[in-house]
Structure formats: C-alpha cells, structure tokens
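Trainee: I need the structure of the sequence given here:
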Amino acid sequence: IWPLGHISALNFALGMTLGVALFAIGAGAVHWARTLMSDEEVADERHAIEADTETRAKVHADFKQGAKESVIGRRKLIRNTMLGALTLVPLSGVVLLRDLGPLPGTSLRHTMWSKGKLLVNMNTNEPLRPADVAVGSLTFAKPEGLEEHDEGFMNEIAKAALMIIRLEPDAIKDKRELEWSHEGIVAYSKICTHVGCPISLYEQQTHHALCPCHQSTFDLADGARVIFGPAGHALPQLRIGVNDEGYLEALGDFDEPVGPSFWERG
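Mentor: Down below sits the predicted model:
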C-alpha cells in the first residue's frame with residue numbers, strides 16, 4: 001500500500017522505467033553539449049535587411065515603366081478580369097471548409113441509451129439479468145436494438161459500448177456510483193477518455209480497469225476516476241435498474257459525453 005493508495009506493480013515499474021529513460025536522455029544531452037560543443041561564444045553581426053535609397057528608387061521606377069509599357073491601365077477588360085480573378089481566389093477555401101463537414105451538432109453528446117433500453121450481452125446477444133453478472137466479473141453490453149448488420153453500427157457502438165461489473169456494495173466508495181448501480185452491478189462507458197480506445201482489461205482484486213493503448217487506469221469502485229495514465233477524466237457511468245420482467249435496463253443516457261474531450265465540450 002502506497003501513500004497514494006493501491007498501485008499496481010506493473011504500473012509502478014512502467015513509471016519508474018520511463019522516468020529513468022527520460023533522465024538518461026537528459027543526462028546524455030547535457031554530456032553531449034559539454035564535451036562536443038564549443039564553449040566559445042561567437043557574435044555574428046547582422047546586415048541591414050532593408051534596401052538602400054538608390055535600390056528602392058530603381059525598383060519603383062522599373063515598376064512604373066513596366067506598368068506603362070503594358071498599358072494595363074488603358075485595357076479595362078483585362079484589368080477588371082484580373083482583379084475579379086484575384087477576388088475570387090479566397091472563395092476556393094469554402095470548398096475546403098465544406099469538406100470538413102457536416103458539423104456534428106450535439107451527436108457527440110448523446111448515445112443510443114435511453115430510459116427503458118435493455119442491456120444486451122455483446123457475446124450472446126441476449127438481454128442481461130442481474131443473475132447473469134457474477135461478482136468480480138466483467139461483461140460487455142450494448143443497447144437493445146443495435147445489431148452488427150446495421151449500417152451505422154460502428155458509429156453507434158463507438159459511443160454506446162458498455163462495461164458491466166458487479167462489485168460487493170460495501171466495496172463501492174463513491175456515493176453516486178452506488179445510487180446508480182443495482183445490487184452492486186455498475187455500468188460504465190467502455191470508451192477510454194484519453195483517445196477513445198476500447199477498455200478491455202479488468203483487475204478483479206483492485207477493481208481497476210486498464211486501457212491497453214496507453215495504460216490509463218480507472219478505479220471502478222470509486223466513480224471510475226483516473227488513478228494512472230494520460231486520461232483526462234473519469235469514465236461516464238450509466239444509471240441502471242431492473243424492469244418488471246427482471247432484465248437490466250438503462251434509466252437514461254450518460255450524463256456527460258463519452259470518450260475524449262473535444263473543443264466545444266466546455
């Protein structure tokens with residue numbers, strides 16, 4: 001037990017070795033600078049950037065002479081066509097901006113989850129009952145009505161993918177997490193809040209979930225807060241309950257956007 005709580009030996013070793021590696025790089029850079037680079041400072045006088053008066057006068061005279069010989073001032077059609085073309089050039093950027101669309105609107109803030117949506121097991125494609133989720137187990141779920149052959153399946157599952165974990169109610173430290181659970185069954189977004197990788201590793205003893213991409217670690221017994229790694233905020237929790245038929249169901253959508261932060265999130 002460390003002063004900051006329970007820390008996995010693997011995560012601690014990863015942090016220590018990374019720190020040693022960065023220290024070694026810094027030490028090498030300092031050694032290289034001291035042994036290979038000269039300590040003598042040499043000042044190089046900068047020459048004037050602007051042209052002298054005679055050169056500027058010659059350039060102006062040449063420009064006026066060229067404009068006079070081109071008679072562009074008297075050829076209104078050529079002049080106006082040229083000015084019109086130069087005016088329209090910035091409009092080509094509209095095409096580039098259009099290709100960045102369409103704007104996402106509020107689609108990033110909402111998923112398929114809504115009140116009454118059943119939690120469906122990703123492997124069996126069957127609705128989940130509380131008895132299907134054993135203590136200490138990790139189950140992946142999707143919202144009712146989302147099928148793999150659907151056209152927008154990948155876009156929807158990328159936001160709605162769910163982790164179902166059953167804990168002993170006494171082991172849940174966060175008050176809201178306990179209120180939003182059912183008999184110790186908690187539901188969290190499977191999408192990492194760092195860059196959106198799917199979380200798939202769960203440590204039963206510590207209740208920690210690990211993202212395999214960049215090792216962000218979340219404490220699922222304490223509001224899925226970040227305890228290690230580059231993730232910026234906790235995993236969003238889905239409030240769940242049981243319907244009249246005994247199946248687990250959502251009691252609404254996530255109360256915050258899932259996945260990484262974005263500029264308009266606020």
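
Trainee: sketch out the low-pLDDT regions of this protein for me.
Mentor: Per-residue confidence for the chain (pLDDT under 70) gives these ranges: 1-7, 46, 71-73, 95, 98-99, 101, 263-266.

Trainee: domain parsing for it?
Mentor: Segmentation of the chain into domains, based on automatic domain parsing, reads 54-98, 107-250.

Trainee: mind putting the ones you listed in TSV, distance to Ile25 and mean neighbour count included?
Mentor: Yep, even glycine has a C-beta here, placed from its N, CA and C like the rest. Compiled in TSV, these are given as follows (distance: least, C-beta to C-beta, whole Å; neighbours: other C-beta atoms under 10 Å):
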stretch	distance to Ile25	mean neighbour count
domain 54-98	39	10
domain 107-250	19	18
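
Trainee: out of the ones you listed, which comes closest to Ser8?
Mentor: Nearest of the domains of the chain to Ser8, taken as C-beta to C-beta: domain 107-250 at 6.9 Å.

Trainee: what separates the first and last residues of the closest one, distance-wise?
Mentor: Length of domain 107-250, first residue to last, C-alpha to C-alpha, to the nearest Å: 19 Å.

Trainee: where is the longest helix in the chain?
Mentor: helix 9-36 (DSSP state H).

Trainee: quick check: which of the domains of the chain is nearest to Leu10?
Mentor: Shortest distance between Leu10 and the domains of the chain, using C-beta to C-beta, is found for domain 107-250: 8.6 Å.

Trainee: ok now stretch 28-44, how far from the chain's centre?
Mentor: On the basis of C-alpha atoms, centre = their mean, to the nearest Å, stretch 28-44 sits 40 Å off its chain's mean C-alpha point.

Trainee: please save the CA atoms from that stretch in PDB.
Mentor: What follows is stretch 28-44, C-alpha atoms only, in PDB (Å, rounded to 0.1, in the frame of the first residue of the first chain):
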ATOM      1  CA  GLY A  28      23.200  12.300 -22.400                       C
ATOM      2  CA  ALA A  29      22.100  15.600 -23.900                       C
ATOM      3  CA  VAL A  30      24.000  17.500 -21.200                       C
ATOM      4  CA  HIS A  31      27.100  15.400 -21.600                       C
ATOM      5  CA  TRP A  32      27.000  15.900 -25.400                       C
ATOM      6  CA  ALA A  33      26.700  19.600 -25.000                       C
ATOM      7  CA  ARG A  34      29.600  19.900 -22.600                       C
ATOM      8  CA  THR A  35      32.000  17.600 -24.500                       C
ATOM      9  CA  LEU A  36      31.300  18.100 -28.200                       C
ATOM     10  CA  MET A  37      30.100  21.700 -28.400                       C
ATOM     11  CA  SER A  38      32.500  24.600 -28.100                       C
ATOM     12  CA  ASP A  39      32.100  26.900 -25.100                       C
ATOM     13  CA  GLU A  40      33.300  29.900 -27.200                       C
ATOM     14  CA  GLU A  41      30.600  32.400 -28.000                       C
ATOM     15  CA  VAL A  42      30.800  34.000 -31.400                       C
ATOM     16  CA  ALA A  43      28.700  37.000 -32.300                       C
ATOM     17  CA  ASP A  44      27.800  37.500 -36.000                       C
END
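
Trainee: please enumerate the strands of the protein.
Mentor: Using DSSP state E, the strands found in the chain span residues 119-121, 138-143, 162-166, 185-189, 201-203, 208-210, 217-219, 225-228, 237-238, 240-242, 248-250.

Trainee: just the angle between the third one and strand 185-189, please?
Mentor: Between the axes of strand 162-166 and strand 185-189, defined by axes from the mean of the first three to the mean of the last three C-alpha atoms, to 10 degrees, the angle is 160 degrees.
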